[in-house]
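Colleague: Structure here, sequence nowhere to be found:
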DNA sequence: GAGATATGCAACGGATGCGTTTCGCAGCGC
DNA sequence: GCGCTGCGAAACGCATCCGTTGCATATCTC
């Protein structure tokens, strides 16, 4: 039995080595899910291994058999959430439609998802742990990059004002959704997306 | 000695009743400051009364003499941060200048301030405690309202595109700054403000 | 100065969580 | 079926924090 000082090999690439003992597969899956629930409900500071074990219906020793501690477990569980790609690039008619699509996707993600419920804990955790910070910032950078690309494409295609700064536009668009989630009582709804996109990207340039 | 079941009267309005025992003034001031530092460093979950006492150079019993517990103390200490009014309304030349001013102020607030260092903890705390949530959301709503007003004034004055939705514009502007602070490695700097404002509000309508 | 009062200090019982260990059992692969 | 191995249960020592208390001391008010 490996001492699991580094869990990355075992868990991150678990899907590769499909020859795993079904008991392990079952345990780790339950624990990861429970860890995310725990993180969402209790937050970063409130997160407890014993609580996760109870929640997962699993012995505490089982958790320590597979992860080295709180940090290892949380980091591993979070990888679970990161596997959501935003959307596909080439289906939308024009830049505005594409961006509205991206925003709707983000709004969706901020309504029900596990990720949304974990977001405050994630923000807090990123502040205090370098590993989580890398994960968190990396994930958001990738997600935001899709918006930057869409804006730039829109400008190149002549559909958007060339005065727009793609970086700032992406910050503003994504920022509005995230801000509404963590700083206000009223998360952004789908009905606000058109007005948001229209406001940030400017009104129709050509009609 | 009042049992301090409700601390609001004693502490929030402390400045009013200036006849206070200097020992109390001194203690509570130290503790409040220490509480903010603790919140910034350890986060909402890591926050501990005994740690605050150590930090403040004060006996634990002194804290319990003035506050009923963690929640009471944190809420009281946070009031300290909320007393920052954004700026004055009628000095700026035009709407764009006024909005850039507001954004610079927000960027400032996200660089060094205690509030910035407490922000992740605040977001997390607001998620789990209704009292903190009210404080947090209320403060941000007030701050954002200044932006909404400025945008609306700009539209009314014919300086901004009437197609802009003031609410969404404010969300986008404030959101970009906050997002950059809690979701990325690179907080927004003052040098980005002009591009941000220009991007969200549209390029010059009249030149 | 005298009396009031806030503080410091130390200790308390209780709770909770951590990370480890031991052992009997059940489920797995072959 | 049999050996292998992951699991559950329970207990461990240790640490931390909670919220409270009693008492001596320092500091304020008058």
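Modeller: That came through, no problem. It should be emphasised that the depicted structure is a prediction, and the values quoted were computed from it without experimental measurement.
Colleague: so who does residue A:182 touch?
Modeller: Contacts for residue A:182 (Cβ atoms under 8 Å, 6 or more residues apart in numbering or on different chains) come out as A:119-120, A:123, B:123, B:126, B:178, B:182. Every residue, glycine included, has its C-beta placed from N, CA and C.
Colleague: If we use 7 Å, what do you get?
Modeller: Applying Cβ atoms under 7 Å, 6 or more residues apart in numbering or on different chains to residue A:182 gives the contacts A:119-120, B:123.
Colleague: want to throw these into CSV with secondary structure, neighbour count and distance to DNA strand C?
Modeller: CSV is the format used below for the contacts of residue A:182 (DSSP: H, G, I helix; E, B strand; the rest coil; neighbours: other Cβ atoms under 10 Å in any protein chain shown; distance: Cβ to the nearest atom of the strand, whole Å):
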residue, secondary structure, neighbour count, distance to DNA strand C
A:119, helix, 24, 21
A:120, helix, 26, 19
B:123, helix, 26, 22
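Colleague: Unless I'm misreading it, residue A:133 sits right up against residue A:126, doesn't it?
Modeller: Yes. Applying Cβ atoms under 7 Å as the test, residue A:133 and residue A:126 come out as touching, 4.1 Å apart.
Colleague: the more surrounded of those two?
Modeller: The neighbour count for residue A:133 versus residue A:126, taken as other Cβ atoms under 10 Å in any protein chain shown, is higher for residue A:126 (22 against 16).
Colleague: you'd agree that one is up against residue A:138?
Modeller: No. The criterion here is Cβ under 7 Å, and residue A:126 misses it with residue A:138 at 10.4 Å.
Colleague: next structured bit after the helix or strand of chain A at the bottom of the mean pLDDT ranking?
Modeller: Within chain A, confidence by mean pLDDT, DSSP states H and E is lowest for helix A:8-12 among all helices and strands, at a mean of 40. Per DSSP states H and E, the first helix or strand lying C-terminal to helix A:8-12 is helix A:22-46.
Colleague: What lies in contact with that next one?
Modeller: By Cβ under 7 Å, 6+ apart, the surrounding residues in contact with helix A:22-46 are A:11, A:47, A:51-52, A:55-58, A:62-63, A:66, A:73-74, A:76-77, A:80, A:114, A:117-118, A:120-121, A:124-125, B:43-46, B:124, B:127-128.
Colleague: In strands only, show me these.
Modeller: Cross-referencing those against strands under DSSP state E gives no overlap.
Colleague: filter those by proximity to DNA strand D?
Modeller: When contact is defined as Cβ under 7 Å from any atom of the strand, those meet DNA strand D at A:57-58, A:62, A:66.
Colleague: Neighbour-wise, give me the winner out of those residues.
Modeller: Counting by other Cβ under 10 Å, residue A:66 has the largest number of neighbours within these, with 20 neighbours.
Colleague: Let me know the helix or strand that residue A:158 is in.
Modeller: Under DSSP H and E, no helix or strand contains residue A:158.
Colleague: pLDDT value on it, please?
Modeller: With respect to pLDDT, residue A:158 scores 93.
Colleague: again with residue A:170
Modeller: Value for residue A:170, per-residue pLDDT: 98.
Colleague: Residue A:193: what's it in contact with?
Modeller: A:100, A:103-104, A:107.
Colleague: redo that, cut-off 6 Å
Modeller: Neighbour list for residue A:193: A:100, A:103-104 [criterion: Cβ atoms under 6 Å, 6 or more residues apart in numbering or on different chains].
Colleague: just curious, which of those residues is nearest to chain B?
Modeller: Using Cβ to the nearest Cβ, residue A:103 comes nearest to chain B of those, at 11.0 Å.
Colleague: Look at that closest one and report its pLDDT.
Modeller: Per-residue pLDDT puts residue A:103 at 95.
Colleague: Would you mark the buried spots in the helix or strand encompassing it?
Modeller: Counting by DSSP H and E, the element that carries residue A:103 is helix A:95-109. Buried residues in helix A:95-109, counted by 16 or more other Cβ atoms under 10 Å in any protein chain shown: A:95-96, A:98-107, A:109.
Colleague: out of these, which one sits closest to residue B:152?
Modeller: Comparing the buried residues of helix A:95-109 against residue B:152 with Cβ to Cβ places residue A:103 closest, at 23.1 Å.
Colleague: Local confidence estimate at the residue nearest to the closest one when sequence neighbours are not counted?
Modeller: In space, and not counting its chain neighbours, residue A:103 is closest to residue A:193: 4.7 Å by Cβ to Cβ, 6 or more residues apart in numbering or on different chains. Residue A:193 is assigned 97 on the pLDDT scale.
Colleague: what's the helix or strand for residue A:193?
Modeller: In this assignment (DSSP H and E), residue A:193 forms part of helix A:193-201.
Colleague: cool, and residue A:161?
Modeller: Counting by DSSP H and E, residue A:161 is found in no helix or strand.
Colleague: From residue A:127, how far off is it?
Modeller: Residue A:161 sits 36 Å away from residue A:127, going by Cβ to Cβ, to the nearest Å.
Colleague: Comparing those two, which residue is more hemmed in?
Modeller: Using other Cβ under 10 Å, the more surrounded residue of residue A:161 and residue A:127 is residue A:127, with 22 against 17.
Colleague: Could you check the pLDDT of the nearest residue to the more buried one once chain neighbours are set aside?
Modeller: Counting by Cβ to Cβ, 6+ apart, the nearest residue to residue A:127 once its immediate chain neighbours are dropped is residue B:120, at 4.2 Å. Note on residue B:120: pLDDT of 97.
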